[in-house]
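Chemist: 3D model of this:
(2 chains)
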Amino acid sequence: MTIRALERVSVGQNGIGSFILQCKRLDIHYCDHSGSSRGMNAFIKTHLPNFAKKNPAVEFAVSPRPRKHPVMIGHYINGRQKAICVANMEPSLILKKAELLRDASGDKVKRVNKPVTSINESETWGKDAISNVQSVLALDTNEDSPEYIVLLLPWWND
Amino acid sequence: MRRISRFSKPSGARLASTVRPLAPLCTTPRAATKPSPSPAVNTARFYSSRQPDQLPASLASGKPAVPENVEEIVVEDVGLQKYTPEPPQQRAFVPPPAPSVAEPADAVTDTLYTPATSAEGLETIGNLKSWWDNPAHWPKSSNFVGFKAKQKVQNPVLLEAAVRRALTETLVMKQLGQEDQLTGHWGLQDKAQHDAVLALDVRVDSDGNATVTGDLQAVAEGLVAKGDGSSVEPTYALPSAAEALALKEQADQSWKGTSLQDARLKFAVLKRVMQLTGQVVPDQKLADIATARGLIATLQKPPKPKTLSKEIQTKKPELVTLPNVAFSPKRVTRGHKDQALGRFKLIEAEFRKRDLQDGPLSVPKSRERQHWRGEA
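Modeler: Prediction:
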């Protein structure tokens, strides 16, 4: 009889118990007269009613911005914003941009160049760990005890 | 082939008096003559700094400097009449009185007169400084009165009634042979005459030619009599919407097939419609209007909304009613955001506490304009 390890059923993410949309608000700006807003004006008339109905968790604020290119600005719950200029775009393309803003997390775009990305943050490189070590260093400078520091930072000697 | 003979280049001094304008259109045409010699050497205007005594011999002798090869300008008698401008009917303003000058002290014959030595006690008669600022000097009766109706009619039933009336009146004028009245000014009539116009029977044949039957003479007299510069106020332009609807249901609709290919007829109808409804058909749509039906369709087409927000309010109200969609008809500014957060009133309160701001923070546009002009 072989011993089998317990399989993980699920990975806790986002709101763990429920999904929380990161985009809380979408500002939609257009111009009544500029040609670059033609696609945006058509998007507001044709696609926006359905899109807003399907996304009740997102607040849509539509307002004109005369003599400026049309812009969509997503506001996220982490306090950040993401803006996309949709000048001269077709309504279908603008819909895709709206979906992109809705699905975005609001984080800065990070480069992913490793095959495996850990979901959990590394403890060793965590902010608290570094700040703790620096405080210990500051405390031990007068006592002149380098062995003690080596014990605290074992990965430096590997 | 050159049509105009070549003139010699201007050299040295040239008398401006020899340059004669073409015969003015407003004067009686003259017979074909050579330009008369002009003795006005002293009043001549020179194009160079040379003195008159240095004139060429041909000019100094008083002979006109007309080249020999210039053909005589022939003005044909085309029946033009002498134009005499009409005196202005009414001034738009009250002009200040003519200045009067007191006679000099030496010339006064009154023995009791003693010249004043100071301004004290003298009567002040004022000046013209505030004359033009006085509204009493700009009478309202002289204000411009436009031809078309002030209120633009948008109701489709009323527009149809107006077209019917305009078309019937135009056809009456044409049928009576008063085609010169098609471009004239027709007065607005009372309700009885309006009903008399609509009571006329309009028959249209297969080619679109219409014939009107009824008391045409009375209608024509009513139109022309009140339009000839009389100051009768417009009394009745259009019926009410309910009356117009009733008239529409009673009347035969075949009159809409009346052809408007005749440019004079079309002009007269459009002019009258403009006077009755305030609707002006743009030039680019004129060529497409061939019948009265086409004209009604053009007039009844609602105007394009000027802004997207207006269009959405009228055509897509479901978007405005969604709970998670906020529509702003105007640009959202920083002040609006502050007001939405409740920050604006706090800022105002803090200003008030420090005596830095009296009243609301927002400044009306008129105040800004005054500030730019240096008035405030």
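Chemist: residues from chain A in reach of chain B?
Modeler: Residues of chain A lying near chain B by C-beta under 8 Å from any C-beta of the partner chain: A:30, A:32, A:41, A:44-45, A:48-49, A:52-53, A:55-66. Backbone N, C-alpha and C define where each C-beta goes, glycine included.
Chemist: what subset of these is buried?
Modeler: By neighbour count, with 16 or more other C-beta atoms under 10 Å in any protein chain shown, those hold A:30, A:32, A:41, A:44-45, A:48-49, A:52, A:55, A:58-65 as buried.
Chemist: picking that back up, tell me which of the residues of chain A next to chain B fall in strands.
Modeler: Those of the residues of chain A next to chain B mapping onto strands are A:Tyr30, A:Glu59, A:Phe60, A:Ala61, A:Val62, A:Ser63, A:Pro64, per DSSP state E.
Chemist: now do the fifth one against B:Phe144, distance only.
Modeler: As defined by C-beta to C-beta, to the nearest Å, A:Val62 lies at a distance of 42 Å from B:Phe144.
Chemist: do the same with the third one
Modeler: Spatial separation of A:Phe60 from B:Phe144 under the definition C-beta to C-beta is 48 Å.
Chemist: check the second one too.
Modeler: When distance is defined by C-beta to C-beta, A:Glu59 is 51 Å away from B:Phe144.
Chemist: strands along the stretch 101-250 of chain B, start to end?
Modeler: Remark: strands assigned in the stretch 101-250 of chain B by DSSP state E, counting those that start in this stretch are B:201-204, B:210-213.
Chemist: do the same with chain A
Modeler: Using DSSP E, strands in chain A cover A:23-30, A:59-64, A:71-76, A:81-85.
Chemist: let's have those strands in TSV, adding mean pLDDT.
Modeler: Converted to TSV, the strands of chain A look like this (pLDDT from 0 to 100):
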stretch	mean pLDDT
strand A:23-30	97
strand A:59-64	96
strand A:71-76	98
strand A:81-85	97
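Chemist: need phi/psi at the residue of the stretch 151-300 of chain B found nearest chain A.
Modeler: Chain A sits closest to B:Pro282 of the stretch 151-300 of chain B, with a gap of 19.2 Å, by C-beta to the nearest C-beta. Dihedral angles of B:Pro282 (phi, psi; degrees, to the nearest 10) stand at phi -70, psi 150.
Chemist: what's the pLDDT at it?
Modeler: We note a pLDDT of 93 for B:Pro282 in this prediction.
Chemist: so how many other residues sit close to it?
Modeler: For B:Pro282, the neighbour count with other C-beta atoms under 10 Å in any protein chain shown is 7.
Chemist: how about the helices in chain A?
Modeler: Ranges of helices in chain A, per DSSP state H, are A:38-46, A:48-54, A:91-103, A:127-140, A:146-152.
Chemist: oh sorry, the question was meant for the stretch 251-376 of chain B
Modeler: Remark: helices assigned in the stretch 251-376 of chain B by DSSP state H, counting those that start in this stretch are B:263-277, B:283-286, B:292-300, B:308-315, B:317-321, B:334-341, B:343-353, B:365-373.
Chemist: between the first one and helix B:292-300, how many degrees?
Modeler: Using axes from the mean of the first three to the mean of the last three C-alpha atoms, to 10 degrees, the direction of helix B:263-277 lies 40 degrees away from that of helix B:292-300.
Chemist: helix B:263-277: how far from the chain's middle?
Modeler: 17 Å (C-alpha atoms, centre = their mean, to the nearest Å).
Chemist: got the contact list for that helix?
Modeler: Residues from elsewhere that reach helix B:263-277 (C-beta atoms under 8 Å, 6 or more residues apart in numbering or on different chains): B:147-149, B:152-153, B:158-159, B:162-163, B:165-167, B:169-171, B:173-174, B:179, B:182-183, B:186, B:188, B:237-238, B:260, B:279-281, B:286, B:289, B:292, B:295, B:299.
Chemist: low-confidence bits of the stretch 251-376 of chain B, can you list those?
Modeler: Filtered on pLDDT under 70, the stretch 251-376 of chain B yields the residue ranges B:358-364, B:376.
Chemist: should've said the stretch 51-200 of chain B
Modeler: B:51-81, B:85-90.
Chemist: for chain B, which residue gets nearest to chain A?
Modeler: For chain B, C-beta to the nearest C-beta, closest residue to chain A: B:Ser328, 3.9 Å.
Chemist: that residue touches A:Tyr30, doesn't it?
Modeler: No. Counting by C-beta atoms under 8 Å, B:Ser328 stays clear of A:Tyr30, with 11.0 Å between them.
Chemist: shared neighbours of these two, anything?
Modeler: Each of A:Val62, A:Pro64 lies in contact with both B:Ser328 and A:Tyr30 under the rule C-beta under 8 Å, 6+ apart.
Chemist: show me where the stretch 101-250 of chain B has its helices.
Modeler: Secondary structure of the stretch 101-250 of chain B (DSSP H, counting those that start in this stretch): helices located at B:156-175, B:191-199, B:216-225, B:241-250.
Chemist: so of the ones you listed, which one's packed in deepest?
Modeler: Stretch with highest mean neighbour count among these: helix B:156-175 (a mean of 23; mean count of other C-beta atoms under 10 Å in any protein chain shown).
Chemist: show me what that one is packed against.
Modeler: Counting contacts by 3 or more C-beta pairs under 8 Å, 6 or more residues apart in numbering or on different chains; DSSP states H and E, helix B:156-175 packs against helix B:191-199, strand B:201-204, strand B:210-213, helix B:216-225, helix B:241-250, helix B:263-277, helix B:292-300.
Chemist: could you rerun that using 6 Å?
Modeler: Judged by 3 or more C-beta pairs under 6 Å, 6 or more residues apart in numbering or on different chains; DSSP states H and E, helix B:156-175 is in contact with helix B:191-199, strand B:210-213, helix B:216-225, helix B:241-250, helix B:263-277, helix B:292-300.
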